[in-house]
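Colleague: sharing a sequence plus its predicted fold:
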Amino acid sequence: MDLRWALDRLRRMTAAEMAHRAGQQLRAASEQVGLLRARVPSPASTEGKPWLEPLPADFDSGDYSRAADCVLQGRLSLLGLDEAPVGFPPQWNRDPKTGTGVPLRFGKSLNYRDQRLVGEIRYLWELNRHRQLLTLAQAWHLSGDWQYALGCRTLLESWWKQCPYLLGPNWVSSLELGVRLINWSFAWHLLGGEGSQLFQGNEGRTFRRSWLESVYQHCHFISGHPSLHSSANNHLLGEQVGLFVAATTWPVWPEADRWRRAAHLALEREAMLQITPDGVGREQAIWYQHEVADLMLVAGLVGRANGTDFSAEFWSRLEAMLEFMASIMDVGGHVPALGDADDAEITGLQPVRGGGVYRSLLATGAVLFGRGDFKAKAGAFDDKSRWLLGDHAAGVFSTIEPDRHGLIPRRSFRHGGYFVLGSDFESPEEVRIVADAGPLGYLSIAAHGHADALALTLSVAGEEILVDPGTFVYQGAPKWREYFRGTGAHNTMRIDGRDQSISGGTFLWVSHARVVCESADLGAEPQTLVAWHDGYAKGPSSAVHRRVLSYDARKKRLLVRDEVRSASEHQLEWHWHVSDRCEVTQERDHALISSRGALVALFWPDGARAKLVRGQEVPPLGWISDRFDRKRPCTTIAVEQRSNGNWEGESRIQVLRAGGWRHE
């Protein structure tokens with residue numbers, strides 16, 4: 001797979017990208033022999049302002065002290081691991097999932113895709129993002145308990161000892177350095193900044209000097225190893241936010257001003273490139289949209305506090321992102337699992353998760369942008385929002401009038417390719433359909449996109465009915481990686497058992513289905529969406545898939561007409577993935593899907609055959625993953641039919657009960 005990946009990447013590279021990568025290899029080779037390395041000048045005794053003054057303090061310290069105690073006891077929750085026994089301080093170069101110890105060789109020479117060498121690198125990197133450092137700093141800030149401040153020093157000193165400059169797996173990815181810098185900056189301020197008790201005396205001055213030396217090395221590395229060209233996605237944003245925050249927090253070297261200005265310009269540019277005007281992340285992955293929104297929020301708040309604010313267009317793009325999240329979120333707070341998700345979060349500001357990351361962002365956005373619709377969707381002002389915006393922001397939030405009438409400001413996101421159909425929005429009888437007529441993903445590799453063109457999700461009365469099954473894993477289980485991002489794991493039509501787009505590796509698509517939205521009339525009765533894609537158009541038995549959605553709001557009925565344009569015979573498949581919280585029974589020509597507040601009938605096309613599949617291993621079918629590295633069985637309604645030449649057929653989805661509403 002590594003050779004295939006390398007050959008496909010080489011074929012798809014532009015001349016500019018090849019030149020950039022050659023330059024990066026030359027730089028890495030120079031660093032390995034001692035050239036172009038960071039030469040740390042003596043720092044001045046100055047610092048930037050924190051993202052917020054005064055720092056929040058109106059919290060019950062209990063949750064934070066308990067979370068910090070877990071850190072000191074060496075127990076951390078990391079991605080799919082709950083309270084993993086990582087030790088205190090951890091072994092920073094050991095994968096906490098597999099126990100694989102990574103050799104301390106020159107970082108850029110490590111093949112981080114080789115599991116035999118590095119284990120599951122995503123877990124190791126998550127440990128090294130230092131969210132646990134922020135947890136300890138918060139506990140110290142709130143409780144004044146000296147053990148938490150000492151814990152911060154122990155963690156950092158152990159990291160510097162075990163992860164020397166440029167050596168090991170933590171000196172490979174600039175994104176990981178960038179996220180680490182964000183958490184270092186927040187922790188620095190929470191510990192008291194330049195006036196911290198940790199910096200007193202000879203030992204304290206040595207600790208401060210070591211911390212600043214590592215900050216400089218991080219900034220120097222990021223500035224020399226940016227993710228550009230086909231890799232310029234959320235990685236580039238994360239790197240530049242880390243560089244911007246660090247150069248603003250520690251403007252103590254001559255280079256800091258240059259780093260800050262360069263990162264500021266890059267963030268302005270990338271926000272416009274990576275987010276569509278209507279607020280959809282071009283990676284077509286909603287979890288990464290949340291992470292990008294977090295990154296933009298952190299950069300924006302730090303910049304404002306230090307007199308280097310971002311443009312109105314930057315903030316407008318962030319607001320549009322939150323608007324999109326609010327529009328696809330159902331009345332129960334569920335957001336479809338579009339594209340990849342790894343469950344990672346940028347900061348550890350809220351040690352006890354509650355309310356969900358999307359609602360948290362909407363709570364923050366309600367105060368930042370004065371949006372009553374965001375407040376109505378968020379429900380409450382959470383701890384993370386309070387840490388970001390301050391104690392006073394909770395009062396501001398309480399004065400905003402929730403606006404449930406304006407909760408769907410846009411139902412058509414043409415730039416991003418998503419459309420919202422349905423009726424009775426934000427009521428107990430809500431029906432919400434999110435339809436995908438967008439591109440595969442961002443840039444040539446479309447790293448985090450799924451082959452889900454013309455797929456849809458359905459929620460009724462705030463309960464998920466037809467779902468996107470999620471992501472499950474990235475590396476280590478290629479069969480499952482291919483399944484969860486493949487066409488068969490989405491509520492669309494598959495032809496001849498093929499994916500619409502062709503995979504070339506874990507984070508690479510070598511052929512992209514082109515999707516065209518012909519029309520979207522969501523204000524009419526019935527609401528309609530017409531789109532097609534050419535993912536099956538190549539080869540001697542080519543076919544084009546066209547889908548027409550028609551929703552009757554009065555009858556709460558969705559008609560799904562699929563058309564195949566082809567001169568050949570094909571095997572057609574529909575896999576309707578049902579939430580594992582629902583019960584499914586099969587009748588002669590339809591399936592009944594029931595949940596606590598909803599009852600839905602799904603009728604398949606005339607002449608088709610159907611069966612219910614649950615937890616099938618070979619080939620994979622009937623699975624859902626709502627958390628990284630976790631999967632469990634769900635019921636999939638698998639429908640099959642043969643076509644010969646041009647074909648069209650209709651599936652019908654009838655809501656029979658939605659909350660208190662019943663179909664006559």
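Modeller: Perfect, I can see it now. Because the structure is predicted, anything quoted here is derived from the model rather than measured.

Colleague: now the chain, which segments are flagged as low pLDDT?
Modeller: Applying pLDDT under 70 to the chain flags residues 1-13, 352-355, 404-409.

Colleague: hey, which strand is longest across it?
Modeller: strand 647-658 (DSSP state E).

Colleague: so what touches whichever helix or strand comes after that one?
Modeller: Next along the chain after strand 647-658, taking DSSP states H and E as the criterion, comes strand 661-662. Contacting residues not belonging to strand 661-662 are listed as D424, E429, K556, V655, L656 [CB atoms under 8 Å, 6 or more residues apart in numbering]. Placement of C-beta: from N, CA and C, glycine included.

Colleague: pretty sure the fourth one is touching V460, no?
Modeller: When you say that, I think you mean V655. Yes. Counting by CB atoms under 8 Å, V460 is a contact partner of V655 at 5.6 Å.

Colleague: those two: which is more packed in?
Modeller: V460 (33 against 25; other CB atoms under 10 Å).

Colleague: circling back: please report which of the contacts of strand 661-662 has the highest neighbour count.
Modeller: Of all the contacts of strand 661-662, the highest neighbour tally under other CB under 10 Å goes to V655, namely 25 neighbours.

Colleague: for R122, state which of the contacts of strand 661-662 is nearest.
Modeller: The closest of the contacts of strand 661-662 to R122 turns out to be V655 (CB to CB; 39.3 Å).

Colleague: leaving aside the residues next to it on the chain, what's closest to that closest one?
Modeller: K556 (3.8 Å; CB to CB, 6 or more residues apart in numbering).

Colleague: before we move on, what about A139?
Modeller: Leaving aside its sequence neighbours, A139 sits nearest to A68 (CB to CB, 6+ apart; 3.5 Å).

Colleague: how near is the closest residue to P169 other than its chain neighbours to I121?
Modeller: Setting aside the residues directly before and after it, P169 is nearest to V102 in space (CB to CB, 6+ apart), at 4.6 Å. Taking CB to CB, to the nearest Å as the measure, V102 falls 8 Å from I121.

Colleague: can you check L558 too?
Modeller: Separation of L558 from I121 (CB to CB): 42 Å.

Colleague: and for Y216?
Modeller: Distance from Y216 to I121, by CB to CB: 25 Å.

Colleague: again, but for S316
Modeller: Separation of S316 from I121 (CB to CB): 36 Å.

Colleague: between those two, which one's more packed in?
Modeller: Neighbour count, other CB under 10 Å: between S316 and I121, I121 has more, with 25 against 15.

Colleague: pretty sure the more buried one contacts P169?
Modeller: Yes. In this structure, I121 is within contact of P169 by CB under 8 Å, at 6.5 Å.

Colleague: now the helices for the stretch 251-400 of the chain?
Modeller: Here the stretch 251-400 of the chain has its helices, by DSSP state H, counting those that start in this stretch, at 254-274, 286-305, 312-328, 357-369, 372-378, 383-389, 391-399.

Colleague: centre of the chain to the helix or strand following the last one, how far?
Modeller: Reading on from helix 391-399 to the C-terminus, the next helix or strand found by DSSP H and E is strand 412-413. Relative to the chain's own centre, strand 412-413 is displaced by 20 Å; criterion: CA atoms, centre = their mean, to the nearest Å.

Colleague: same question for stretch 338-349.
Modeller: Mean-position distance between stretch 338-349 and its chain equals 5 Å (CA atoms, centre = their mean).

Colleague: try stretch 584-592
Modeller: Averaging C-alpha positions (CA atoms, centre = their mean) puts stretch 584-592 35 Å from its chain's average.

Colleague: return the set of buried residues in it.
Modeller: Residues of stretch 584-592 classed as buried: V584, H590, A591 (neighbour count, 16 or more other CB atoms under 10 Å).

Colleague: switch these over to TSV; also include secondary structure and distance to I502.
Modeller: Formatted as TSV, these follow (DSSP: H, G, I helix; E, B strand; the rest coil; distance: CB to CB, whole Å):
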residue	secondary structure	distance to I502
V584	strand	32
H590	strand	34
A591	strand	31
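
Colleague: could I get those as TSV with distance to A312?
Modeller: Shown next, in TSV, are the buried residues of stretch 584-592 (distance: CB to CB, whole Å):
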residue	distance to A312
V584	49
H590	51
A591	50
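
Colleague: and the longest helix seen in the chain, which residues are buried?
Modeller: When the chain is parsed with DSSP state H, its longest helix is helix 201-224. Under the neighbour-count criterion of 16+ other CB under 10 Å, helix 201-224 has 207-208, 211-212, 214-224 buried.

Colleague: name the helix or strand for H575, please.
Modeller: Per DSSP H and E: H575 is located in strand 569-577.

Colleague: each with direction, which strands does that strand pair with?
Modeller: Here strand 569-577 is paired, per DSSP bridges, with strand 493-495 (antiparallel), strand 635-644 (antiparallel).

Colleague: got TSV for those, with distance to T98 and mean neighbour count too?
Modeller: Below are the strands paired with strand 569-577 laid out as TSV (distance: least, CB to CB, whole Å; neighbours: other CB atoms under 10 Å):
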stretch	distance to T98	mean neighbour count
strand 493-495	34	24
strand 635-644	31	19
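
Colleague: go through those strands and name the closest to I400.
Modeller: Among the strands paired with strand 569-577, if distance is taken as CB to CB, the winner is strand 635-644, at 41.0 Å.

Colleague: how far off centre is the closest one?
Modeller: Distance of strand 635-644 from the chain centroid (CA atoms, centre = their mean) equals 31 Å.

Colleague: and the angle for that strand with strand 647-658?
Modeller: Orientation note: strand 635-644 sits at an angle of 160 degrees relative to strand 647-658 (axes from the mean of the first three to the mean of the last three CA atoms, to 10 degrees).

Colleague: for strand 635-644, which outside residues touch it?
Modeller: Outside strand 635-644, the residues that touch it by CB under 8 Å, 6+ apart are 564, 566, 568-578, 580, 582, 584, 586, 591, 602, 604-605, 607-614, 621-622, 649, 651.

Colleague: can you get me a residue count around A262?
Modeller: 16.

Colleague: what do you get for M296?
Modeller: Count around M296 with other CB under 10 Å applied: 23.

Colleague: please apply the same query to the one 5 residues further on.
Modeller: Neighbour count of L301, defined by other CB under 10 Å: 19.

Colleague: ok, it touching G390?
Modeller: No. Between L301 and G390 there is no contact under CB under 8 Å: 10.1 Å.

Colleague: which neighbours do the two share?
Modeller: Residues within reach of L301 and of G390 at once, by CB under 8 Å, 6+ apart, are L52.

Colleague: which helices and strands sit right next to the helix or strand following the longest helix of the chain?
Modeller: Counting by DSSP H and E, the element after helix 201-224 in chain order, helix or strand, is helix 234-249. Other helices and strands packing on helix 234-249, by 3 or more CB pairs under 8 Å, 6 or more residues apart in numbering; DSSP states H and E, are helix 174-190, helix 201-224, helix 254-274, helix 286-305.

Colleague: now the angle from helix 234-249 to helix 174-190?
Modeller: Here helix 234-249 points in a direction 30 degrees away from that of helix 174-190 (the same axes, to 10 degrees).

Colleague: got the angle for helix 234-249 vs helix 286-305?
Modeller: Using the same axes, to 10 degrees: helix 234-249 against helix 286-305 is 20 degrees.

Colleague: chain center to helix 234-249: distance?
Modeller: Computed by CA atoms, centre = their mean, the chain-centroid distance of helix 234-249 equals 17 Å.

Colleague: by how many degrees do that helix and helix 254-274 diverge?
Modeller: Using the same axes, to 10 degrees: helix 234-249 against helix 254-274 is 140 degrees.

Colleague: let's see helix 234-249 as PDB, backbone CA atoms only.
Modeller: C-alpha atoms of helix 234-249 as PDB (Å, rounded to 0.1, in the frame of the first residue of the first chain):
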ATOM      1  CA  ASN A 234      -6.700  21.800   8.100                       C
ATOM      2  CA  HIS A 235      -3.100  20.900   8.700                       C
ATOM      3  CA  LEU A 236      -1.900  24.200   7.300                       C
ATOM      4  CA  LEU A 237      -4.500  26.100   9.300                       C
ATOM      5  CA  GLY A 238      -3.500  24.300  12.500                       C
ATOM      6  CA  GLU A 239       0.200  25.000  11.900                       C
ATOM      7  CA  GLN A 240      -0.300  28.700  11.200                       C
ATOM      8  CA  VAL A 241      -2.600  29.200  14.200                       C
ATOM      9  CA  GLY A 242       0.000  27.600  16.400                       C
ATOM     10  CA  LEU A 243       2.700  29.800  14.900                       C
ATOM     11  CA  PHE A 244       0.500  32.900  15.200                       C
ATOM     12  CA  VAL A 245      -0.500  32.200  18.800                       C
ATOM     13  CA  ALA A 246       3.100  31.400  19.900                       C
ATOM     14  CA  ALA A 247       4.600  34.500  18.200                       C
ATOM     15  CA  THR A 248       1.900  36.700  19.800                       C
ATOM     16  CA  THR A 249       2.200  35.100  23.200                       C
END
